[in-house]
Each structure stands twice: as structure tokens, then as C-alpha cells.
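> coordinates for the following, if possible.
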Amino acid sequence: MAKKISRNTFLTENSPSISAFASITGEKEGSGPIGTCFDRVEKDSHFGQDSWEKAESELQKQTVELAIKKAGLKSADIDCIFSGDLINQCMGTTYGLRDLNIPFLGIYGACSTMAEGLLLATLLTDSGLGEHIAAATSSHFSTAERQFRFPLSYGGQRTPSAQWTCTASGAVILSPQGSAPYIKAVSIGNITDLGITDANNMGAAMAPAAASTIKNYLSDTGLTPDDFDVIVTGDLGTVGSQLLKELLLKDNIDISVQHRDCGAIIFDSEEQDTHAGGSGCGCSASVLCGYFLPKVQTGEIKEMIFAATGALMSPTASQQGESIPSISHLIHISYKI
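Model (predicted):
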């Protein structure tokens, strides 16, 4: 069973194995700098469906099924799945997974959902309550734009700090034993709010949460940035990434060498006109599963932090003038047990 070393941080006893992982994206994501890393790139943004919401459900379903297949398992072998998305009542997830007949726990952490699901799956696996636990999430450009910003046909101008919601999904299967990657520790984030109200500047809203969680984890464990090959956030984009590094430097924590951000690397912002980078639950999930986990699996990356970030806003709260609270959960992933 995991050992609690602070209010937020738990060290795993048995280092659960990420026994399989899968990523599927849309065509724009597949045309980016790391597009060849994803398991599949789908050119049809409707995924064969007749609505955007159904398309996202199909996207997540296919990704979960692919992860299960890569693990050499069947749906009946999965003891539980943690998953969620950005659409109202997480309908992309519930309608996508309803036919798989897997015990389901729906979660919402906005763009931090992959880290939240991994965190919960880790604690459940390490406690011995399951043999195979899944975590997944997804996002779709067209569903998120319609819900959080403007109708697609409106054609509104984007500010330089705005990010592009990824059409993407990632899924992992955790097992008590297996090969690398392993999860050595997890850290639960606190809600952070520095008063940002601009929904077109998600990076600025989420950077304080990432800074808080990373700082707390390093303090709890006595580790330093030099103990990691990469410290991965998602999805701060280019604007939020710079703010994160500045915030941590105020506490004498320099992550400039190790830091990578999923939102900043999934697109070529100039060539693909995505401004500050990618966002959405599926951005960090697909980049983790498609780009970083294979590198841990081969030992190219020995130690990494994955700290996904989420803006816990709603259109209603924004319209009422509320600020944007944010959250970041952290997973310590290793090549060694």
C-alpha cells in the first residue's frame, strides 16, 4: 500500500507498471512535430459519426480498446477505469465507454484529467484492489470550442495567448507487476487561483497550480530538478510555460533544463497557426502516451515528472465574472522500480 508522506504526496510500495498505453489523434495533431509518435492519426474528424460529441466518444472508445489490446487483455480483464473529458457531464466518456462493460469511475479535472486518473489508478493498484486498472481521457476541438468559446461558424479572432484544443485521446493500463514504465509516487494538487479571468489565457491561469504542485513534491521528497531527465507539464503552452519557470525561480527552483510542455510540443505554432500551443484533456494524455512513455520504456528517459494542469472553469462562471481556478496533479514515472 502507498505510503503517505504529506497531505498531498504518496510513495508507492510496489511501483505499479504501466503495462500498456495508446494514443489516437486527429489530422492536425498528426501533422505536428511529434505526429509520427501516435499510434493512429485519424483524418476523419467525425470518426465516422454524425455529431462532434459522438465523434469524441468514438475517439475515446477506440483509444481505450487499443490500450487493452496492446496489453494482451480483453475488456472483461479490466477491473476499473477512471476517465473523463471536457463536455457537459463528461458525456464523451460515458457514451464512449458504455458498451465496454468495465466498472467505471467518472472524473473531472479539466486538462489535468489524465494525471488525476493515473493518480487514482496508481493508488488503487498499489493497494492490491485490482489486477488491471485503466485511466483515459479525450478532447475534441469542435466539442470544446462550441462549449467553452464560440460557435464554430462564428469565426472569432484568437488572441496570441489562446491555445488550440486538441482532438486527441490517451489511455493507459496499470498492473501490479510488469516492465517499465513504473510509477514511484503521486502527488495530489491543491486548487490555485491568482485571479486570472481571461479565458483566452489558460496558460497564465494554470501555471501557478503547476508551480505549487511541483514545488510541494520536491519539498516532500527532498528531490531536486536535477534528479529528473524531464519535468513535463500539460498544457501550459508557450505563455504558461514561461510563467511556470518564472514562478519557480522565485523559490530558487530552476527547471529550465528539464522542462517540457505537452501543449508547446504537439504543434508547430507558427506553421500550424495554433498561437500559444495545444490544450484539452487529450493533449497531455496523447503526448504522454505517444511521446514520453515509449522513451521511459526504452530507458532513454530514466526519471520523469508528469504534472498535467487543468482550468476548473465553466462558461457560466466565466460569464458571471468569476476568476479561473486551476489544479495540477503529479505523477513520478521511472524506468526502474
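
> give me the number of residues near residue 320?
For residue 320, the neighbour count with other Cβ atoms under 10 Å is 8. Where C-beta positions appear, they are placed from N, C-alpha and C, glycine not excepted.

> for residue 198, see how far away it is.
15 Å (Cβ to Cβ, to the nearest Å).

> what of residue 102?
39 Å.

> got it, and residue 71?
Residue 71 is 41 Å from residue 198, by Cβ to Cβ.

> now swap in residue 99 and tell me
Taking Cβ to Cβ as the measure, residue 99 falls 40 Å from residue 198.

> higher neighbour count, the two?
A count of neighbours by other Cβ under 10 Å puts residue 198 above the other of residue 99 and residue 198, at 14 against 9.

> contacts only, for that one.
Residue 198 makes contact with 161, 204-205, 324, according to Cβ atoms under 8 Å, 6 or more residues apart in numbering.

> of all those residues, which two lie farthest apart?
Spatial extent of the contacts of residue 198 (Cβ to Cβ) is set by the pair 161 and 324 at 12.8 Å.

> which of those two has more neighbours?
Higher neighbour count among residue 161 and residue 324: residue 324, with 23 against 17, using other Cβ under 10 Å.

> which residues touch that one?
Neighbouring residues of residue 324 by Cβ under 8 Å, 6+ apart: 193, 196-199, 202, 205, 311-313, 318.

> can you map out the helices along this structure?
27-30, 52-70, 91-97, 113-126, 141-148, 202-221, 237-249, 262-265, 269-272, 281-287, 293-298, 315-319 (DSSP state H).

> before we move on, the earlier item: which pair of the contacts of residue 324 spans the longest distance?
Pairwise over these, using Cβ to Cβ, the maximum falls at 198 and 312, 15.3 Å.

> for residue 110, which non-adjacent residue is spatially closest?
residue 310 (3.1 Å; Cβ to Cβ, 6 or more residues apart in numbering).

> next one: that neighbour from residue 169, what distance?
From residue 310 to residue 169 the distance is 16 Å (Cβ to Cβ).

> so if I had to pick from the two, which one is more boxed in?
Applying other Cβ under 10 Å to residue 310 and residue 169 shows that residue 169 carries more neighbours, namely 38 against 30.

> OK, contacts around that one?
23-25, 59-60, 62-63, 136-139, 282, 285-286.

> now do residue 33
265-268.

> drop anything exposed from these.
Among those, those that count as buried by neighbour count (16 or more other Cβ atoms under 10 Å) are 265-267.

> now tabulate those in JSON lines and tack on pLDDT.
Shown next, in JSON lines, are the buried ones among the contacts of residue 33 (pLDDT from 0 to 100):
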{"residue": "265", "pLDDT": "97"}
{"residue": "266", "pLDDT": "97"}
{"residue": "267", "pLDDT": "97"}
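
> looking at the chain, which helix or strand is least sure?
None of the helices or strands of the chain scores lower by mean pLDDT, DSSP states H and E than helix 141-148, at a mean of 77.

> in space, what's closest to residue 79 - neighbours in sequence excluded?
Going by Cβ to Cβ, 6+ apart, residue 79 has residue 130 as its nearest residue, at 3.7 Å.

> and that neighbour, what is it in contact with?
79-80, 124.

> in CSV: these, plus distance to residue 231.
Shown next, in CSV, are those (distance: Cβ to Cβ, whole Å):
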residue, distance to residue 231
79, 31
80, 29
124, 25
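
> among the residues you listed, which one sits closest to residue 222?
Distances from residue 222 to the contacts of residue 130, taken by Cβ to Cβ, are shortest for residue 124, at 26.5 Å.

> give the contact list for the closest one.
80, 130, 133.

> I am finished for the moment; much appreciated.
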